[in-house]
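Visitor: predicted structure and sequence below. I'll ask about it afterward.
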Amino acid sequence: MAKPAITRKTPTKGAVSDDTFALRSLQDAHLANPRYVASDDELLAFYQQMLLIRRFEEKAGQLYGLGLIGGFCHLYIGQEAVAVGLQSALKPGHDSVITGYRDHGHMLAYGIDPKVIMAELTGRGAGISKGKGGSMHMFSTVHKFYGGHGIVGAQVPLGAGLAFAHQYREDGGLCLAYFGDGAANQGQVYEAFNMAALWNLPIVFVVENNGYAMGTAVTRGSAETHFYRRGTAFRIPGMHVNGMDVLEVRAAAELAFAHVREGKGPVLMELQTYRYRGHSMSDPAKYRTREEVQEMREKHDPIDAAKAELLKRGVAEEKLKELEKQIRSKVGEAADFAENSPEPEAPELYTDILVESY
Amino acid sequence: MGIELKMPALSPTMEEGTLAKWLVKEGDTVKSGDILAEIETDKATMEFESIDEGVMGKILVPEGTEGVKVGTVIAVMSGEGETAPAATPAAEPQAAEPVNPVTVKPSAQKPRAADPAIPAGINMATVTVREALRDAMAEEMRRDARVFVMGEEVAQYQGAYKVTQGLLDEFGPKRVIDTPITEYGFAGIGAGAAMGGLRPIVEFMTFNFAMQAIDHVINSAAKTNYMSGGQMRCPIVFRGPNGAASRVGAQHSQNFAPWYASVPGLIVIAPYDAADAKGLLKAAIRSEDPVVFLENELVYGRSFELPELDDHVLPIGKARIMREGQDVTIVSYSIGVGMSLEAAETLAGEGIDAEVLDLRTLRPLDREAVLTSLAKTNRLVIAEEGWPTCGIASEVMAICMEDGFDHLDAPVLRVCDEDVPLPYAANLEKLALIDPSRIAAAVRKVCYR
């Protein structure tokens, strides 16, 4: 029987001849111009957002220690440049974002009120999910932020579904789907890669490689530790990006998003990053040395680097101190709000199970 | 001695087919491997190949004959070196038999209870469950541009069980999408598309394969609305055949209804006849909630009456009395309803007047309908084509104990499949599955007869 014609309206990768398939084209373009040229105001805004995430997460860690936050709580400290750099390049309210359970930073990068995020962490009725989701399950559909998913890797096909919806509606939007180096070994990630490439979906897959899947170092869990190469079997171009420099992240994001918006199909970005804290709050920290963490904090911190660059550009130290003070007070207010808001009313137990009544 | 050529079974569930075309004529010499005829079923057209060599004798079933039962002698052939034999007279009446599609027999004693949701006096058409499901999808796709179908072989192949037949032609490849064999992946893509504002219908070739994808059905689709405090919805329909098919062994034969029905946040529907299949699938597609829609392969080809309404939508969460009775209630769903109706007819001959209640929706389950019928008959049997442990039957028994105890004149009994993986051997398979006689036996027991 003759091979059936391609059924999707959108051209598939299979129709593209091999000589136009350039896996390294984006990587090469990125290496040629690795850093985004930011104005002072832009860099200051990035700095402010990253610092807000840092201080918010430090406070969350404290509240966890006080027993105000329960269950699992995964902090984003060290990885701030990834969410800030990538999301700053999106079209707000137009493009979709989805991530796993380490989601506080992605929400803050959207400018969502820290109060409702912190109140969700403390399980209060004023939380963004009415206290019924918790740290791992937060959403903001007005921002097109689709969670916040607790099952490792599940957000990847879900993200491909969001991208499918963009393509179906022909609205020009794209989906940014984050996952970790641990999730990168889940089979469903590759099922999603295959269909995303086959159907030319507008999606950017982002591996936030922080070096450890819980306590398992990348080299102990992955046969191919260069995650950006893992799309090659599906003809998805890869990019390897320094996730500790917000301007490199931003520059890479612009290249990747432009590629997707031009209808060229998915991109796989690997963001090399590091988390300073444990996998979650209950982490024995036995799988890496104190020195390794210290080295990253002292020499590669994205916030210190941005601050140094701002000072070098002549931004007044006083201005930065003032900014830091504002952020501390904002986070303090969020913590007070989260601690003092009431828990959800008991009848909330039975709401939102189904949308309709039957 | 001539060789009898019999109507072949071309799939595990084929019971009859159309003899579309003879490719040989009487007197032709036939070699092994020659194509003798084309046979059409509701699923596909297949070629009927000769196994033997010889000369074609009498053709007993002319081409174009519909509804030829599997095993009917359709022609005779001489063996090697023999002359063409004469027709076997015994075969003639079979071929001459009037041809009827498998229509469920209406009750001789009592007409089928009308669905109160359907206006009286409406014209009825006779359609198969397969067609009803297809029409439901087509109508909803015409009505709402956000609705699309995705799954394995739903488009070009026209559906592994032909449920999506014709949809590709009408709606095109943007809305009728063939996926690779990747259940976990496309269930996730479907759920994501629903979160992103579309109305996906995800077909699982069978629910056995949905085991690969159950994480997205439960963790992604069912829990989203609750976890987001009502912010994020997932209006999706996961549909496909569920339950035992025929002779396909343990991995392809399982009723997952109790699994899904135990999950808050899901709607679970398991219709029996064509009217419910259509009306409830349309309701499922329109629902803002995630729906697991469990069909049954053995029922796809059965014909039923379907009201000729412009927009036949039925309420989710409402059971339906299929046969009114005074003495005992038989509760069932899906294929079990047909068996229960059959059992009720047998029992009617013995003076036991059984009411048959089709649950139709398994979550939310219509407790009220179960208890009302129990209050009327005071005796209850549940028939479930599925395992006995932790099943829908167990749930219905619990409802009767909790809220119907004072109405009970006898202990509630359940009739379920045997508590074993489904065996392949025909005799063992038959032993493992429920049937009307077992249902009737349980009814006699609760009636102390």
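Guide: The structure has been received and is ready for your questions.
Visitor: every contact and neighbour count from this point should use C-alpha atoms.
Guide: OK.
Visitor: for the stretch 151-300 of chain A, which residues are neighbours of chain B?
Guide: A:151, A:154, A:157-166, A:168, A:188-189, A:191-192, A:195 (C-alpha under 8 Å from any C-alpha of the partner chain).
Visitor: so how do I select the buried members of those residues in PyMOL?
Guide: The PyMOL command for the buried members of these (criterion: 16 or more other C-alpha atoms under 10 Å in any protein chain shown) is given here:
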select buried, chain A and resi 154+157+158+159+160+161+162+163+164+165+166+168+188+189+191+192+195
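Visitor: inside helices: which ones of the residues of the stretch 151-300 of chain A next to chain B?
Guide: Counting by DSSP state H, the part of these found in helices is A:157-166, A:168, A:188-189, A:191-192, A:195.
Visitor: could you list the low-pLDDT ranges of chain B?
Guide: B:1, B:80-109 (pLDDT under 70).
Visitor: again, only using 50
Guide: B:84-102, B:105-108 (pLDDT under 50).
Visitor: got the domain boundaries for it?
Guide: The record's domain parsing of chain B by automatic domain parsing lists B:3-96, B:124-307, B:320-446.
Visitor: now, of the ones you listed, which is deepest in the fold?
Guide: domain B:124-307 (a mean of 23; mean count of other C-alpha atoms under 10 Å in any protein chain shown).
Visitor: does any bit of it sit next to chain A?
Guide: Yes. Using C-alpha under 8 Å from any C-alpha, domain B:124-307 comes into contact with chain A via B:173-174, B:177, B:179-180, B:182, B:184-186, B:188-198, B:216, B:219-220, B:223, B:225-233, B:264-266, B:287-289.
Visitor: among these, which are located in strands?
Guide: Judged by DSSP state E, the residues of domain B:124-307 next to chain A include residue B:177 as members of strands.
Visitor: just the C-alpha atoms of stretch A:76-85, please, in PDB.
Guide: This file holds the C-alpha atoms of stretch A:76-85, laid out as PDB (Å, rounded to 0.1, in the frame of the first residue of the first chain):
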ATOM      1  CA  TYR A  76      13.900  28.000  43.700                       C
ATOM      2  CA  ILE A  77      16.900  29.600  45.300                       C
ATOM      3  CA  GLY A  78      19.800  29.700  42.800                       C
ATOM      4  CA  GLN A  79      17.600  29.200  39.700                       C
ATOM      5  CA  GLU A  80      16.100  32.600  39.600                       C
ATOM      6  CA  ALA A  81      17.700  33.800  36.400                       C
ATOM      7  CA  VAL A  82      16.000  31.000  34.500                       C
ATOM      8  CA  ALA A  83      12.300  31.900  35.100                       C
ATOM      9  CA  VAL A  84      13.100  35.700  35.000                       C
ATOM     10  CA  GLY A  85      15.200  35.600  31.800                       C
END
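Visitor: report the buried residues of it.
Guide: A:76-85.
Visitor: same check, this time on stretch A:266-277
Guide: A:266-277.
Visitor: same question, stretch A:135-148
Guide: A:135-141, A:143-148.
Visitor: I'd like those as a markdown table, with distance to chain B appended.
Guide: Below are the buried residues of stretch A:135-148 laid out as a markdown table (distance: C-alpha to the nearest C-alpha, whole Å):
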| residue | distance to chain B |
| --- | --- |
| A:135 | 11 |
| A:136 | 10 |
| A:137 | 6 |
| A:138 | 6 |
| A:139 | 6 |
| A:140 | 7 |
| A:141 | 7 |
| A:143 | 12 |
| A:144 | 8 |
| A:145 | 10 |
| A:146 | 8 |
| A:147 | 9 |
| A:148 | 9 |
